[in-house]
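>>> Let's see this in three dimensions:
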Amino acid sequence: MEDNNKRLKAFNFFQAELPKFEETINRKDYVYFGADNLAPQHWLDYYNYSPTHHSCISAKKDGVIGNGLFSDTPENDLRLQQANPMESVYDVFVKCATDILLFGGYSLNVVWSRDRDQGIAEFYHIDFSKLRSGKSDELDRVKEFYYCADWRNIRKFEVKTLPAFNPLEEKPSQIFYYKPYVPSAFYYPSPDYIAGVGAINTEVEIGRFHLKNIQNSFHPSLFVSLNSGIPSSEEREDIYQHLTNMYSGSDNAGKMMISFNEDKDHAPDITQISNNTNDGLFDTLNDMVKTNILTSNRITSGLLLGIRDGGSGLGSNKDEILVAYNHFLNTVIKPIQQQLLDGFSKVLFLRDGQPIDIFIEQNKILDINDEDNE
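Numbering: from 1, shown residues only. The predicted structure is shown next:
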């Protein structure tokens, strides 16, 4: 009879690995954005699947775009001034604000007039996640960018080369690529929340775990014995591998384990381990994760997202909200706004042929009647 020890199989626990943000230079004409060239796509997934992170980005976006974009020119409302035949300057501004919050930078497709003396004819937002940087020359200048509709499938979607922004370049359609300085990164920026990626992924996995437990009727993990004989070593290995693929990770919460036996008389004794502490564990972990996500997004008070502390009402926290938003506005929102305004001021100057001072009308955090403040 086969040694009993050979019937047992140890499952390796799933090891979570986060996508690394790094610039990789290889034989390709473009520089990889992340180790797998999909860093922006991963950041989009974080935004789509983490409720706390999604709320943080949305709150920052509302603050950055404010109540409108204006200038010191006679036609000062840039919500009514066209950037291109389909969009106003403010429409393009809002899209770029979303990109800088998600990816750390933004891009414009600038189209020059046929007569260069007439300046820029029109400009469009171009999705930052779909651009990759070309390699720099000996003067550290990037002369081209590469665009693909889906970098996950470059065999199906063509990779197109586009010239970098340069008034002396002959090609009229160019890429204005804005990225702030990032230590140890030359080609690509990184978003403000980059240090919170682990917490964001943890929140996503917690949500998946609870969802799968509900779908599996909260059944506990099981050790299942198959008492119809012992398959060959090769067959057992195939079954183990199949079960590992099926039941590892948070998507398979509440699943089972398995062993093979000659018959019921040779089945192992099973002792179920109580997991009554899981609810408290996940509550503590969830609170810690939310705090880390807020911190990585530089949101100092959950009240800015509508998260109440200690069940207290809005009125009792009014002063705290005002103080928190004022700090948030001056330390987070205005610096991001300035990055956007710097780029748009330059493009509008080259379009209109004169310096232009543009500014954002800031939001009011609370719309409270004067008598309520008395």
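>>> Hmm, Asn76 is touching Phe70, no?
Yes - using CB atoms under 8 Å, Asn76 makes contact with Phe70 at a distance of 4.9 Å. Bear in mind the C-beta positions are built from the backbone N, C-alpha and C, glycine included.
>>> what about the strands in the stretch 101-250 of the chain?
In the stretch 101-250 of the chain, the segments counted as strands under DSSP state E, counting those that start in this stretch are 106-112, 120-125, 131-133, 144-147, 160-163, 173-178, 222-226.
>>> Make TSV from those strands and add mean pLDDT, distance to Gly302 and mean neighbour count to it.
Shown next, in TSV, are these (pLDDT from 0 to 100; distance: least, CB to CB, whole Å; neighbours: other CB atoms under 10 Å):
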stretch	mean pLDDT	distance to Gly302	mean neighbour count
strand 106-112	96	28	22
strand 120-125	96	31	19
strand 131-133	97	34	21
strand 144-147	97	39	20
strand 160-163	96	42	14
strand 173-178	96	31	20
strand 222-226	55	39	13
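>>> okay if I get those as CSV plus distance to Ile293?
Listed next are these as CSV, based on distance: least, CB to CB, whole Å:
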stretch, distance to Ile293
strand 106-112, 23
strand 120-125, 27
strand 131-133, 27
strand 144-147, 31
strand 160-163, 35
strand 173-178, 26
strand 222-226, 34
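>>> of those, which approaches Asp91 most closely?
Across the strands of the stretch 101-250 of the chain, Asp91 has its closest neighbour in strand 120-125 (8.0 Å, CB to CB).
>>> how far off strand 106-112 does that closest one point, in degrees?
With axes from the mean of the first three to the mean of the last three CA atoms, to 10 degrees applied, the angle from strand 120-125 to strand 106-112 works out at 150 degrees.
>>> Make residue 1 into 13 and carry on from there
Got it, first residue is 13 now, which makes that one strand 132-137.
>>> Each with direction, which strands does strand 132-137 pair with?
According to DSSP bridges, strand 132-137 forms sheet pairs with strand 118-124 (antiparallel).
>>> and Val76, that's in a helix?
Yes - the assignment for Val76 by DSSP: H, G, I helix; E, B strand; the rest coil puts it in a helix.
>>> What's the local residue count around the nearest residue to it once chain neighbours are set aside?
Using CB to CB, 6 or more residues apart in numbering and skipping the chain neighbours, the partner closest in space to Val76 is Ala109 (4.6 Å). Ala109 has 24 neighbouring residues, counting by other CB atoms under 10 Å.
>>> Touching, Ala109 and Leu352? I think so.
Yes - Ala109 lies in contact with Leu352 (CB under 8 Å); the separation is 6.0 Å.
>>> Spit out the residues that contact those two alike.
The contact sets of Ala109 and Leu352 overlap at Val76, Tyr118 (CB atoms under 8 Å, 6 or more residues apart in numbering).
>>> Now do Phe188 against Ala47, distance only.
Phe188 is 27 Å from Ala47, where distance means CB to CB, to the nearest Å.
>>> what distance separates the start and the end of stretch 338-346?
One end of stretch 338-346 sits 11 Å from the other (CA to CA, to the nearest Å).
>>> Stretch 84-103 too?
19 Å.
>>> Can you list phi and psi of the residue positioned nearest the centre of the chain for me?
In the chain, the centroid-proximal residue (CA atoms, centre = their mean) is Trp55; its distance is 2.7 Å. Per-residue torsions, Trp55: phi -60, psi -30 (degrees, to the nearest 10).
>>> Number of residues surrounding the residue lying closest to it once chain neighbours are set aside?
Distance criterion CB to CB, 6+ apart; nearest residue to Trp55, sequence neighbours excluded, is Leu114 at 5.7 Å. Applying other CB under 10 Å, we find 20 residues neighbouring Leu114.
>>> Give me the distance between Leu114 and Leu360.
Distance check for Leu114 against Leu360: by CB to CB, it reads 24 Å.
>>> Can you tell me how far the residue nearest to Val76 is from Ile69?
Ala109 is 10 Å from Ile69, by CB to CB.
>>> just so I have it, where are all the helices in the stretch 113-262 of the chain?
209-227, 245-259 (DSSP state H, counting those that start in this stretch).
>>> Using PDB, write out every CA atom in the first one.
Backbone C-alpha positions of helix 209-227 (Å, rounded to 0.1, in the frame of the first residue of the first chain) are rendered in PDB as follows:
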ATOM      1  CA  VAL A 209      -1.800  51.200  -3.300                       C
ATOM      2  CA  GLY A 210      -1.500  48.300  -0.800                       C
ATOM      3  CA  ALA A 211      -4.400  49.600   1.200                       C
ATOM      4  CA  ILE A 212      -6.500  50.200  -1.900                       C
ATOM      5  CA  ASN A 213      -6.000  46.600  -3.000                       C
ATOM      6  CA  THR A 214      -6.700  45.300   0.500                       C
ATOM      7  CA  GLU A 215     -10.100  47.100   0.500                       C
ATOM      8  CA  VAL A 216     -10.900  45.500  -2.900                       C
ATOM      9  CA  GLU A 217     -10.000  42.000  -1.700                       C
ATOM     10  CA  ILE A 218     -12.000  42.400   1.500                       C
ATOM     11  CA  GLY A 219     -15.100  43.400  -0.500                       C
ATOM     12  CA  ARG A 220     -14.600  40.300  -2.800                       C
ATOM     13  CA  PHE A 221     -14.100  38.000   0.200                       C
ATOM     14  CA  HIS A 222     -17.400  39.100   1.800                       C
ATOM     15  CA  LEU A 223     -19.300  39.000  -1.500                       C
ATOM     16  CA  LYS A 224     -18.100  35.400  -2.200                       C
ATOM     17  CA  ASN A 225     -19.000  34.400   1.400                       C
ATOM     18  CA  ILE A 226     -22.600  35.700   0.800                       C
ATOM     19  CA  GLN A 227     -22.800  34.000  -2.500                       C
END
